[in-house]
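Colleague: One predicted model, sequence on top.
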Amino acid sequence: MVSAAWLVLENHILYSMYATVGKPIINKIPRATNQAIIALKPNSNIDLEFLYYAVVFIEFNIYKYTSQITQSNLNARSIKNLPLQCPIELRNQKKIAEILSTIDTAIEKTEKLIKKYKQIKTGLIHDLFTSGVTLEGKLRPRREQAPELYKENPIGWIP
């Protein structure tokens, strides 16, 4: 059996060339992939994280470098010729990557908080609709604890 899979060592940018064109990730561990992915390994003059953000930056313009048949595709030659802008000094690249990474971390934490608060809101809505509130604005006891506060109707018990 012949396979198109190949091993990519850590510290490469894995870059999709077919279908979901132009989606990069930093490969932190060795992994197998196939011909739909190209591995970009920066030389000693390019910081790995900076390269990642450089290809993220051009993600929305990548389609002009693709060949279109039934789906968008890139090839290795077009990827090598992508117009990436890069500061000459490595320390400047590292600083840019550090700032962008800090922003990404803040966005991830914010998205987690939003998800958490949406779950809290969903639970609160459930409690409000199934238990109701007292005149003081406090959550009523559940039906099992105070059945006299609830009335049965065709859709179930309501406060």
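Modeller: The structure has been received and is ready for your questions.

Colleague: Now for the closest residue to Asp47 other than its chain neighbours: which residues touch it?
Modeller: Distance criterion Cβ to Cβ, 6 or more residues apart in numbering; nearest residue to Asp47, sequence neighbours excluded, is Gln93 at 4.1 Å. C-beta coordinates here come from the backbone N, C-alpha and C atoms, glycine included. By Cβ atoms under 8 Å, 6 or more residues apart in numbering, Gln93 lies in contact with Ile46, Asp47, Phe50, Cys86, Pro87.

Colleague: And the first one, how far from Val21?
Modeller: Counting by Cβ to Cβ, to the nearest Å, the gap from Ile46 to Val21 is 22 Å.

Colleague: now the second one
Modeller: For Asp47, the distance to Val21 equals 24 Å [Cβ to Cβ].

Colleague: Looking at pLDDT only, which of the contacts of Gln93 scores worst?
Modeller: Minimum pLDDT for these is recorded at Cys86 (89).

Colleague: Quick check: it touching Asn43?
Modeller: No: taking contacts as Cβ atoms under 8 Å, Cys86 lies outside contact range of Asn43: 11.0 Å.

Colleague: Looking only at neighbour counts, state which of the two leads.
Modeller: Between Cys86 and Asn43, counted using other Cβ atoms under 10 Å, the more crowded position is Cys86 (16 against 6).

Colleague: Check for me that the more buried one belongs to a strand.
Modeller: No: the assignment for Cys86, made by DSSP: H, G, I helix; E, B strand; the rest coil, is coil rather than a strand.

Colleague: For it, give its distance to Ile58.
Modeller: Distance of Cys86 to Ile58, computed by Cβ to Cβ: 12 Å.

Colleague: And for Glu98?
Modeller: Taking Cβ to Cβ, one finds Glu98 at 20 Å from Ile58.

Colleague: So between the two, which is more surrounded?
Modeller: Ile58 (16 against 13).

Colleague: In CSV: the contacts of Gln93, plus distance to Gln35.
Modeller: Converted to CSV, the contacts of Gln93 look like this (distance: Cβ to Cβ, whole Å):
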residue, distance to Gln35
Ile46, 24
Asp47, 27
Phe50, 27
Cys86, 27
Pro87, 33
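
Colleague: Show me how to select, in PyMOL, the buried members of those residues.
Modeller: In PyMOL syntax, the buried subset of the contacts of Gln93 is picked out as below (16 or more other Cβ atoms under 10 Å):
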select buried, resi 46+47+50+86
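
Colleague: Which of the contacts of Gln93 lies at the shortest distance from Gly156?
Modeller: Nearest to Gly156 among the contacts of Gln93: Phe50, at 58.0 Å, using Cβ to Cβ.
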